[in-house]
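S.K.: Kindly return the folded structure for what I paste below:
(chains A and B)
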Protein chains: 2
Amino acid sequence: MMRGTGLVNRLAMLIAAVGAAMFPLAPLHAEDGYDLWLRHAPLSAVDAQAARPYLGRGVQLLGEMSPTVKLALDELGQAGERMTGLEPSPHPALVLARADRLESGGYPSDPRLAGAPPGSYSIRAVRSGRILITAHDDLGLLYGAFALIRHIGVTGTVAGVEAFSAPAMPLRMLNHWDNPDGHVERGYAGRSIFDWWHLPEKLDPRMIDYARANASVGINAVVVNNVNARGFMLEPRYIAKLKRLADTWRPYGIRVFMSARFSAPRDIGGLPTADPLDAAVAAWWRAKADEIYASIPDFGGFLVKANSEGQPGPQDYGRSHADGANMLAAALGTRGTVIWRAFVYKAEDDTDRTMQAYAEFAPLDRQFADNVILQIKNGPLDFQPREPFHPLFGAMPKTKVMLEAQITREYLGQATGMAYLAPLWKEVLAADTGRGGTVAQIVAPVGMAGVANTGSDRNWTGTHFDAANWYAFGRLAWNPALTSDQIAREWTAQTFTRAAAPREAIVQMMLGSRETVVKYTSPLGLAHLMGTGHHYGPAPWVCDLERPDWNPCYYHRADAQGIGFDRTTTGSNALAQYAPAVANQWADPATANPRYLLWFHHLPWTHRMASGRTLWDELVTTYDQGVLETEARAQGWAALAPHIDPERHAAVATDLAIQRTEARWWRNASLSFWQSLHSLPLPAGAAPIPERLEAYQARTFPEAPGQ
Amino acid sequence: MMRGTGLVNRLAMLIAAVGAAMFPLAPLHAEDGYDLWLRHAPLSAVDAQAARPYLGRGVQLLGEMSPTVKLALDELGQAGERMTGLEPSPHPALVLARADRLESGGYPSDPRLAGAPPGSYSIRAVRSGRILITAHDDLGLLYGAFALIRHIGVTGTVAGVEAFSAPAMPLRMLNHWDNPDGHVERGYAGRSIFDWWHLPEKLDPRMIDYARANASVGINAVVVNNVNARGFMLEPRYIAKLKRLADTWRPYGIRVFMSARFSAPRDIGGLPTADPLDAAVAAWWRAKADEIYASIPDFGGFLVKANSEGQPGPQDYGRSHADGANMLAAALGTRGTVIWRAFVYKAEDDTDRTMQAYAEFAPLDRQFADNVILQIKNGPLDFQPREPFHPLFGAMPKTKVMLEAQITREYLGQATGMAYLAPLWKEVLAADTGRGGTVAQIVAPVGMAGVANTGSDRNWTGTHFDAANWYAFGRLAWNPALTSDQIAREWTAQTFTRAAAPREAIVQMMLGSRETVVKYTSPLGLAHLMGTGHHYGPAPWVCDLERPDWNPCYYHRADAQGIGFDRTTTGSNALAQYAPAVANQWADPATANPRYLLWFHHLPWTHRMASGRTLWDELVTTYDQGVLETEARAQGWAALAPHIDPERHAAVATDLAIQRTEARWWRNASLSFWQSLHSLPLPAGAAPIPERLEAYQARTFPEAPGQ
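M.R.: Residues are numbered from 1 along each chain as shown, chains lettered A, B, ... in the order given. Now for the predicted structure:
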């Protein structure tokens, strides 16, 4: 018997015991978020047994074993393996059936599928406890399989899975602002996921998981490169690279598009001009399109940012946006689409910047070719935490228009904290334009695009909760009638936990999170108050930039007397760009929704709000409310520790702690600046501002990401 | 009974059967390389039972439960869990003992530990089948635990684990050329692993796995930022970020260093000068050092690139490198070390560039303070595929000198193909300087640094085989007497397979892989023939860059008559910088090792080689041999498919296919250019060159990574 050092030996034995107890629980890999909402957490033993016949590769198939159908079987197999932990059932009870093969299986047709758009599917319970997924096309079967997996993933059971679902919009698209060198403009999740350098020889397996994630929420189109495009990406070697991606993504129903630099014929084509009315230019683009289609027969088309923020465009040659877009549209012909961005504003134009896109494009209605789509940002400025909807929606009835939303949080905290964006997008989609319907109705025949938030970070999106925005974007593009909380509940159940209490606590945190950011950065309709260039943190004091409309002071117009941008008839009259009924609801500061108050009105600091407070006191109260909400969210998350794996719990806790700090910073820096203008005291009870304005102004972030 | 469509149903059933058979094998996560050599593949059932008592957290501990000892237990626990798949043994037979506690456990002391350097450990078999790991310090216990795990990981058993091991060098260091914005200079594995933007609040868990990997091979120092340093990284907010890393890595025995910008007192300190002899400058650095040490008491010190490639330095003020280094050394005092890089060359100096570092520094011997280390690259040019050793080794006997090697493959294929670098480093370490020993012996009192090859890619290093270079660097810094094949065998067994036949096949592929790159890029002592800026691909024709010594033509000096750089007495006489015995062995082209032939000699194309071939024919033969070897390696790897998981097998197969293409390109482009000078025919049997020289010259790579 060995002599031991009593205490140390006992300690070592204790460790041995603890170690042994821990082993059965220790996963091989920590929860790192890579699996996104396709995590497929195990079901309870009872649920697993019940779900087993409906998951697994061994389904009955009525139809051809196409690459897309094979993916559906793979997804069902993987989901079954992970969720049930069981061998597949020897008596599978799931049937995947192409609509034209239903009869061969003895199943009735589904009349809802008649005339339904591509990708639609029905899920029906049929005889002997079978579940039947039917679609006209293989992609519908894949979408139906994902819907079944989602239903089980969310609820734990197949009960209630019956559904008919058709996409509300044909184009459900991600726009990547990814540069070929791997940098992502406004990207906060690491480097680009696209490894152009090693393509086409080397395909990162991540490209497959990316397609899976997209297909699982119905995303069916991807623009792979930044709208600030490089000409050389149209060179043959890049077409070969793109072809590898297109081939990889095709079975997932994803079409590839490219951002095209308008001056490419001059930049890489050796032509002296890129004038869209020049025959050689048109011929160059036609040949380029032919070259692309020879490699990628289902190439989607070009996204173009023209004559905006330094990008070349048709106006360089005295031509109109329609001239430019139509020339490219002719090059693509019936094979593809030109998506032309409406995000334009000019250095030499002193019109209210928010009015310039409307002024530029509304007169061009009827002038665009059939295969041109105008892509319009949700609001008339630039993806601010809140903007009124863009007045172009409804103003161009003869033009195909689509919505451009931003999934990456350029102006909403970037990759810290939490800001669930479904409520922002719902706000826009539900807005009645007064000109033929809501924004959702107006874009429904075309589609919507989201500026992607993906990156090389292991969890794809920088924070775990940013994955919810990718998910929500896809779900809303499929069905804008889904509510923000339905989507949040789905995502949370699949990503974190099916247990009702923690799930609902998380859903509630998510639902208010974007409004929190509005409160502490852009209260009461203020906008564009962020730091210069990188757009990180508060900088309302900035007023010395080269172009007036790059300055925060251009937007807040604050001075000793008041604050806000007068866009009524006494000011820029941007209101006149809206339908009268819409304009009227915002025209009077006494009745306008306070959300948009300072967007449309310049008011004295002493203006009396509906709350009874002065505008200044209301501002302070709103900032403070935002700060309080970040604190409450951090505390709420801390309380969820027993329900979340330690890795992701710790990561989110850190994110929320950072957000709490940033909210205080925004509040203090902003209030300090407003106070420097008017010298009004903080209302009673408001926390003092801990630093002098100069200290906030002195902060610099030369290495802020995403610029 | 349902009517089926016979064929389709049978197909579906077949799929069900295949799916079921696959399930038990399907891992939750694909093999993605993240675990590096700490993969801990399962042992056979017999080996697992035998190893069980020696793995697991339940060891007997004689010593304090320090953070470092806790890590050792964690590592043993994780290795046990993964390798054995068993609960820890109820009768553990592993003892970790601090040397001063051996007696309390009734164990004899180990005389080999007397006077051994920090981190040394002994592993002994003691009574009753116990294994005893002993060290003076807790880090030695951690290193010993890693050694035990490595031994079992490589051999499958504890048999033969007994060892005494002491580090050959005190400083075993990685130099990261990582910028604070996430870009890695000469990085080919994605973005920087250091997320400065989110530090200190957010610690990427990868920072822990990075420390584990380093500690497992004995690396004990890290310079976190690029030698082309930004001044702002010395600001307080960066010190807070660095502190978080230092705190995380401290238990792993890793000290942090920073690259310091010499002009920081002017850039961020508000001083009008950075003159090292200015009292205010010295005081600024002293205060900066005090500030760092207040946060990081074991801060290692500064790495400085001064007066080289545009970096500021003491010569800007007419002071010497010694003046600059000593001023910083005084600021650190006894707390830390200044590592001063010898990599200097001047635009205005027309001396042979390979001679300038020696000319600059050799006269400064005896002038450097005690806590200054001169860091010297392996060769006198710049990390070429092959160079003779740097003449400064041995030439500064009164100065502390360390070796700087490059783990990232800036000039050896970047992140494609395979190039195992241990043979390159061994070549230098084993070189006899003729001035007091081999390079290994000369740097042993100090250490060696490797320019890291890590990045955000999931497998850390871009290709799976590049992890072998990280591993080999650490192992050689610990023990330069290890052979390249020993290290390759260890790494392969832990990373891919313990099975002897495939393991040895992989080891053989690795051993020749660097020489293959030499053959197809830089045969017979040629160097610096790569593309401009990005250093990707061949460009021997480039001769129009601003500085003569940036041009490939400066190095190859090829014309119609001959090729090579005359560094004998008839040329630059760089040979005179070496000890006479060394110089003599290279002075005569008839007897010089052909490896260095054109490094030291300019010879006619018709020069007769020992092989009997002319120099031209020998060059062609060597290029062709390189190409053939890349083909053989790709074929050899293909044959290993049954032994390697499909994910990593496919990834490496792609890497090797790319390398085969690149080897042909180097061969064809280079030969085409040499031929354009002399118009000699290719030797009989040589493959024709498929394209015209102009086609090779026209290739551009504006988006090549790592620049």
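S.K.: so which residue of the stretch 301-450 of chain A comes closest to chain B?
M.R.: A:Thr416 (7.5 Å; C-beta to the nearest C-beta). C-beta coordinates here come from the backbone N, C-alpha and C atoms, glycine included.
S.K.: Quick check: that residue touching A:Arg660?
M.R.: No: under the criterion of C-beta atoms under 8 Å, A:Thr416 lies out of contact with A:Arg660, with a separation of 10.0 Å.
S.K.: Comparing those two, which residue is more hemmed in?
M.R.: When A:Thr416 is set against A:Arg660 and neighbours are counted by other C-beta atoms under 10 Å in any protein chain shown, the residue ahead is A:Thr416, at 25 against 22.
S.K.: Identify the residue nearest that one in space, chain neighbours excluded?
M.R.: Distances taken as C-beta to C-beta, 6 or more residues apart in numbering or on different chains place A:Ile658 nearest to A:Thr416, at 4.3 Å, with adjacent residues excluded.
S.K.: by contact count, what packs against the helix or strand containing the one you found?
M.R.: According to DSSP states H and E, A:Ile658 maps onto helix A:646-678. Contact partners of helix A:646-678 among helices and strands, from 3 or more C-beta pairs under 8 Å, 6 or more residues apart in numbering or on different chains; DSSP states H and E: helix A:513-521, helix A:615-638, helix A:693-697.
S.K.: Does the second one reach chain B?
M.R.: This means helix A:615-638. No: remark: helix A:615-638 sits outside contact range of chain B, by C-beta under 8 Å from any C-beta of the partner chain, the gap being at least 12.3 Å.
S.K.: which other helices and strands contact that helix?
M.R.: For helix A:615-638, where contacts count as 3+ C-beta pairs under 8 Å, 6+ apart, the packed elements are helix A:500-511, helix A:513-521, helix A:646-678.
S.K.: Could I get the buried residue list for it?
M.R.: Neighbour counts over helix A:615-638 (16 or more other C-beta atoms under 10 Å in any protein chain shown) mark A:615-624, A:626-627, A:629-630, A:633-634, A:637 as buried.
S.K.: Over to the last one?
M.R.: With burial defined by 16+ other C-beta under 10 Å, the residues of helix A:693-697 counted as buried are A:693, A:696-697.
S.K.: Looking at the stretch 351-500 of chain A, which residue is nearest chain B?
M.R.: Closest contact between the stretch 351-500 of chain A and chain B, by C-beta to the nearest C-beta, is at A:Ser456 (5.1 Å).
S.K.: Chain B contacts on the stretch 401-550 of chain A?
M.R.: Within the stretch 401-550 of chain A, the positions adjacent to chain B are A:415-416, A:456-458 by C-beta under 8 Å from any C-beta.
S.K.: could you redo the last one with a cut-off of 7 Å?
M.R.: Applying C-beta under 7 Å from any C-beta of the partner chain, we find that the stretch 401-550 of chain A lies next to chain B at A:Ser456.
S.K.: Where do the helices of the stretch 401-550 of chain A begin and end?
M.R.: With DSSP state H, counting those that start in this stretch, the ranges of helices along the stretch 401-550 of chain A come out as A:422-429, A:439-443, A:466-478, A:484-495, A:500-511, A:513-521.
S.K.: Please enumerate the strands of the stretch 301-450 of chain A.
M.R.: Shown for the stretch 301-450 of chain A, the strands assigned by DSSP state E, counting those that start in this stretch span residues A:301-304, A:337-341, A:372-377, A:400-406, A:447-451.
S.K.: As TSV, the ones you listed with mean pLDDT would be great.
M.R.: Written out in TSV, the entries for the strands of the stretch 301-450 of chain A read as follows (pLDDT from 0 to 100):
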stretch	mean pLDDT
strand A:301-304	98
strand A:337-341	98
strand A:372-377	98
strand A:400-406	98
strand A:447-451	98
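S.K.: Columns mean neighbour count on top of the ones you listed, output as CSV?
M.R.: Below are those laid out as CSV (neighbours: other C-beta atoms under 10 Å in any protein chain shown):
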stretch, mean neighbour count
strand A:301-304, 28
strand A:337-341, 27
strand A:372-377, 26
strand A:400-406, 24
strand A:447-451, 26
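S.K.: Each with direction, which strands does the host helix or strand of A:Thr134 pair with?
M.R.: When secondary structure is defined by DSSP H and E, A:Thr134 falls within strand A:130-135. Sheet pairing of strand A:130-135 (DSSP bridges) gives strand A:94-98 (parallel), strand A:121-126 (antiparallel).
S.K.: Return the distance of the longest one from the chain's centre.
M.R.: It refers to strand A:121-126. 30 Å (C-alpha atoms, centre = their mean, to the nearest Å).
S.K.: Sort out which residues of it are buried, please.
M.R.: When neighbours are counted by 16+ other C-beta under 10 Å, the buried residues of strand A:121-126 are found to be A:121-124, A:126.
S.K.: sec struct for A:Val222, please.
M.R.: Look at A:Val222: counting by DSSP: H, G, I helix; E, B strand; the rest coil, its state is strand.
S.K.: hmm, back to that, the residue nearest to A:Thr416: neighbouring residues, count only.
M.R.: Neighbour count for A:Ile658, taken as other C-beta under 10 Å: 20.
S.K.: For the stretch 51-200 of chain A, give the residue positioned nearest to chain B.
M.R.: A:Gly58 (2.6 Å).
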